[in-house]
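S.K.: got a predicted structure here, sequence first:
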Amino acid sequence: MKGPDVSWYLILSAVLFVVGASGVLLRRNPLIVLLSLEIMLNSANLALIGFARHLGDTSGQVFALAVMAVAASEVVVGLGLVVAINRNRFPMDVDRLNTLRG
Amino acid sequence: MIATAWICLLSPLAAAALITLGGTRITRRLAGYLATTSVLVSFAAALITFFRLLDDPAEERSHVSTLWTWLSAGDFEVGLSILVDPLSVFMMLVVSGVGFLIVAYSIGYMDGSDEERRYFAYMALFVFSMLLLVQSGDLVILLAGWGLVGLCSYLLIGYEQERPVAIAAAKKAFIMNAFGDATMALALFLLIQRLGTVEYGAVFSRIERAGGDTVLTLIALGLLGGAVAKSAQIPLHTWLPDAMEGPTPVSALIHAATMVVAGAFMLVRLNPVFEAAPDILDLAAGLGAITLLFAGLVALVQTDIKRVIAYSTMSQIGYMFLGAGLTAYGNSMFHLMTHAFFKALLFLAAGIVIHALVAEQDMRKMGGLGRVLPKTYSAMLIGALALAAIPPFAGFFSKDPLLAAALDAGAYGQLLWVVGMTGTFLTALYIFRMIFIVFGGEPSPFVREHLHRPGHTMPALWMAWTVGALAVLSVVGGWIQFSPFWHPLSDFLEPVAAPGVEPTGAEDAITTVLSVGLAVVGILIAWWIYSARRAEVPRWAFGQQLLEHKFYFDEVYDAVFYRPAALAANAAIRLVEGPLISGSIRELTEGTRLVASRLSEAQTGLLRTYALALGSGAALLTLVFLAVKL
């Protein structure tokens, strides 16, 4: 087996996940929040594929493909919401979009 | 024969269904003709049944026909069955015959009223219910007819829905009758438990095996309760005068053909059951006697023309109860028939008077109508003479043998005979008081102002010919039986209900002379006071008040039944409903709302809190799993 050890991939994946999670928690622009969400998903994909390679088992790759399909549909809905927010001239700020408050 | 009996039963039901389902596609006039024709078909079918039955030998005149098993529970089965025997055919003829004339009269009387269709559908249904009652082949079908008759009376008494008085009267009639239905149902339960059957034949032949005297008495008492409520006998009579709120032909139908006579019919139909409990039979006769006296007295002070006639019905049904209670079944049924003729006549003639005076029923405003409505006057006079039992009118032939039978029935019978004789006197007095006030003398100012003379229009003619037919029947209807000499009706009914008393010729003669004498005295006194005005109307404050309040029955029932119930209900509202039921529900909603408002604070609407909660939750779960693993 060539290339770096699986731990490198996992470290990169963890770093990407933390970057994504910080983005979701700290940024206010819904578009950036969505972007960060994609980074989190892809960090998970990276971990899956890393393990698949390490174990020589393709089921991890299949799983990653399924995650991509889900991510694609999630992006469709999410971007649609962002466009709708923008078109209705609502503030592009998740902290001010709080009408569902109980 | 069975087929014609079924046609007789179902024809009015078909008309009622057709009028109801047809809706506005059936014109109002057509609805009237449909109902009338259907009852005429019933009458024709009853006639054919009657003649076919006559062909049978006297001992075999009893035919049961079962359409299907209507109710089945274990061994116990009830068939939808009818019984054709002399008694039921006799009743079919009376109900459909008199019913036909009354429904035909309604075509004229109800002309131009709103909702004629509803009226005629109810009328046809009423006739059907009564036919079901008299043709029933077992006690459960009898009870079904019993209840349906009560329902129809409720619908028709409250026909004028916009008048609260009519609605109150309808409810009163229904509740009183429901009480009777309930006691009857209890008696049936006892009977079913003891004998396991409700078929007339089986019940009659095995009634002695139902149990001891107590059980038999209870069964008969329950059945009598139903009869007393339906026939408006004391103490369940208070609904009948109030039932005058319905249109006049309805009163005629209730009084003459379809409802109140059901009690007397039941006493005769179930005579083996009652004879097994002689105490109850005596009680029935006693109640009849008290009622006839009571109604005769109260009728003396009534001012509403229909109420006078209503009280006279109560008193005549009292005679029938008296007769049936003393086992003079044939005479009792004969009186039922003649009573149907002259009572329908009195009501329908009163209807013409009320129509002519634009719905005025107060006799005090009437007077001198004999001059302006001579034909109505003669019809009413015939009805009054028949009611007062003056020969040769119908009432004479039926009432006198009934009283003669009482004279033959021992000391108790003789006591009731005295009461019945007093009743004869009162009857003549109150009905001729009405005749002289309404028709005698010069027309009163009110009459001159409001009289609306019936012309020769179609409605007036319908009313005229039916009243004419009833007037003829009220004269000749009694001639079919003159007890001492010929008695075809009693003979015809004998296989079903054999009378237990056989008055001698002397008893007959004494009764006839005395009763006609008393009736004539009554008429003369009425003439003396109300027509010739030679004497003042006797004033006796206490007595008058007592009579005007109808012996305070309504007041007593109000105090004994209504007020405690209303008080208890109010107390229940205040003590149970308010604090306990409403209160607990209020506490429950408030508690739920409080918890929900606390919980909803967690819903901040901030995306980041949700994400943080999600992330920290996942992290926590991971830690937990790791901790467990290690």
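M.R.: Sure thing, it's come through.
S.K.: CA atoms for contacts and neighbours, from now on please.
M.R.: Fine.
S.K.: phi, psi for the nearest residue to B:Gln481 once chain neighbours are set aside please.
M.R.: Nearest non-adjacent residue to B:Gln481, counting by Cα to Cα, 6 or more residues apart in numbering or on different chains: B:His487, 4.7 Å away. Main-chain torsions, B:His487, degrees, to the nearest 10: phi -140, psi 70.
S.K.: the one 4 residues further on too?
M.R.: When read as degrees, to the nearest 10, the backbone of B:Asp491 gives phi -60, psi -40.
S.K.: what's the burial count for it?
M.R.: Burial measure for B:Asp491: 16 neighbouring residues, criterion other Cα atoms under 10 Å in any protein chain shown.
S.K.: what of B:Ser398?
M.R.: Per other Cα under 10 Å, the neighbour tally for B:Ser398 reads 29.
S.K.: next secondary structure element downstream of the helix or strand hosting it?
M.R.: Following DSSP states H and E, one finds B:Ser398 within helix B:394-407. Following helix B:394-407 in sequence order, the next helix or strand is helix B:410-439 (DSSP H and E).
S.K.: may I see the buried residues of that following helix?
M.R.: For helix B:410-439, the neighbour count (16 or more other Cα atoms under 10 Å in any protein chain shown) marks B:413-414, B:416-417, B:419-439 as buried.
S.K.: so what secondary structure elements neighbour that helix?
M.R.: When contacts are defined as 3 or more Cα pairs under 8 Å, 6 or more residues apart in numbering or on different chains; DSSP states H and E, helix B:410-439 sits against helix B:278-299, helix B:305-325, helix B:369-372, helix B:374-387, helix B:394-407, helix B:505-526.
S.K.: what do you get if the cut-off is 7 Å, keeping everything else the same?
M.R.: Judged by 3 or more Cα pairs under 7 Å, 6 or more residues apart in numbering or on different chains; DSSP states H and E, helix B:410-439 is in contact with helix B:278-299, helix B:369-372, helix B:394-407, helix B:505-526.
S.K.: what's the angle from the helix holding B:Ser398 to helix B:410-439?
M.R.: Interaxial angle of helix B:394-407 relative to helix B:410-439 (axes from the mean of the first three to the mean of the last three Cα atoms, to 10 degrees): 160 degrees.
S.K.: that older thread, can you check the pLDDT for the residue nearest to B:Gln481?
M.R.: Confidence at B:His487, expressed as pLDDT, is 79.
S.K.: wait, it sits on B:Gly478?
M.R.: No. B:His487 is not in contact with B:Gly478 according to Cα atoms under 7 Å; the separation is 10.9 Å.
S.K.: geometric centre of chain A: which residue is closest?
M.R.: The centre of chain A sits closest to A:Glu38, judged by Cα atoms, centre = their mean, with a distance of 2.5 Å.
S.K.: would you check how far apart A:Val24 and A:Phe17 are?
M.R.: Using Cα to Cα, to the nearest Å, one gets 11 Å for the distance from A:Val24 to A:Phe17.
S.K.: more crowded one of these two?
M.R.: More crowded of A:Val24 and A:Phe17, by other Cα under 10 Å: A:Val24, with 25 against 21.
S.K.: for the more buried one, give me the pLDDT.
M.R.: Predicted confidence (pLDDT) for A:Val24: 89.
S.K.: equivalent analysis for B:Thr36, please.
M.R.: Note on B:Thr36: pLDDT of 91.
S.K.: where does pLDDT dip in chain A?
M.R.: A:1-2, A:102 (pLDDT under 70).
S.K.: for it, what lies in contact range of chain B?
M.R.: Counting by Cα under 7 Å from any Cα of the partner chain, chain A comes close to chain B at A:25, A:94-95, A:98-102.
S.K.: out of the residues you listed, which end up buried?
M.R.: The buried subset of the residues of chain A next to chain B - by 16+ other Cα under 10 Å - is A:25, A:94-95.
S.K.: how about stretch B:462-471: buried residues?
M.R.: For stretch B:462-471, the neighbour count (16+ other Cα under 10 Å) marks B:462-464, B:466-468, B:470-471 as buried.
S.K.: hey, which helix or strand in chain B has the poorest pLDDT?
M.R.: Within chain B, no helix or strand scores below helix B:541-548, which has a mean of 76 by mean pLDDT, DSSP states H and E.
S.K.: which other residues reach that helix?
M.R.: Contacting residues not belonging to helix B:541-548 are listed as B:297-298, B:301, B:552 [Cα atoms under 7 Å, 6 or more residues apart in numbering or on different chains].
S.K.: please apply the same query to stretch B:400-413.
M.R.: B:323, B:326, B:328, B:331-332, B:414, B:416-417, B:420, B:483, B:501-503, B:507-508, B:511-512.
S.K.: what's the first helix or strand after the biggest helix by length in chain B?
M.R.: Looking across chain B with DSSP state H, the single longest helix is helix B:164-195. Per DSSP H and E, the first helix or strand lying C-terminal to helix B:164-195 is helix B:200-206.
S.K.: export that next one to PDB, keeping only CA atoms.
M.R.: The C-alpha atoms that make up helix B:200-206 are tabulated as PDB, following Å, rounded to 0.1, in the frame of the first residue of the first chain:
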ATOM      1  CA  TYR B 200    -100.900 -14.000  22.300                       C
ATOM      2  CA  GLY B 201    -102.100 -17.600  22.000                       C
ATOM      3  CA  ALA B 202     -99.200 -19.000  24.000                       C
ATOM      4  CA  VAL B 203     -99.300 -16.300  26.600                       C
ATOM      5  CA  PHE B 204    -103.100 -16.700  27.100                       C
ATOM      6  CA  SER B 205    -103.000 -20.400  27.500                       C
ATOM      7  CA  ARG B 206    -100.000 -20.500  29.800                       C
END
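S.K.: which helix or strand lies directly C-terminal to it?
M.R.: Note on helix B:200-206: by DSSP H and E, the next helix or strand toward the C-terminus is helix B:213-230.
S.K.: same for that following helix, what does it pack against?
M.R.: Using 3+ Cα pairs under 7 Å, 6+ apart: helix B:213-230 touches helix B:164-195, helix B:261-269, helix B:278-299.
S.K.: buried stuff in the lengthiest helix in chain A?
M.R.: Across chain A, the longest stretch assigned as helix under DSSP H is helix A:59-87. Buried positions in helix A:59-87, judged by neighbour count with 16+ other Cα under 10 Å: A:60-61, A:64, A:68, A:71, A:75, A:78, A:82, A:85.
S.K.: stretch A:10-21 too?
M.R.: Buried-residue list, stretch A:10-21, by 16+ other Cα under 10 Å: A:10, A:13-14, A:16-21.
S.K.: likewise for stretch B:492-510?
M.R.: B:492-499, B:501-503, B:507-509.
S.K.: what does it rub up against?
M.R.: B:59, B:86-87, B:268, B:271, B:327-330, B:401, B:404-405, B:407-409, B:484.
S.K.: cool, stretch A:75-82 as well?
M.R.: A:30-31.
S.K.: 10 Å instead, please
M.R.: A:29-31, A:33-35, A:37-38, A:69, A:71-74, A:83-87, A:90, A:92 (Cα atoms under 10 Å, 6 or more residues apart in numbering or on different chains).
S.K.: go ahead and confirm B:Trp119 touches B:Met110.
M.R.: One thing to correct before we go on: residue B:119 is Tyr, not Trp. Yes. If you go by Cα atoms under 10 Å, B:Tyr119 and B:Met110 touch, sitting 8.5 Å apart.
S.K.: what do the two both touch?
M.R.: Common neighbours of B:Tyr119 and B:Met110 (Cα under 10 Å, 6+ apart) are B:32, B:247.
S.K.: the more surrounded of those two?
M.R.: Neighbour tally, B:Tyr119 and B:Met110, criterion other Cα under 10 Å: the higher count belongs to B:Tyr119, 26 against 19.
S.K.: residue contacts, the residue lying closest to B:Tyr154 once chain neighbours are set aside?
M.R.: Spatially, and ignoring its direct neighbours in sequence, B:Tyr154 is nearest to B:Ala170 (4.8 Å; Cα to Cα, 6+ apart). Neighbouring residues of B:Ala170 by Cα under 10 Å, 6+ apart: B:150-159, B:161, B:164, B:239, B:242-246.
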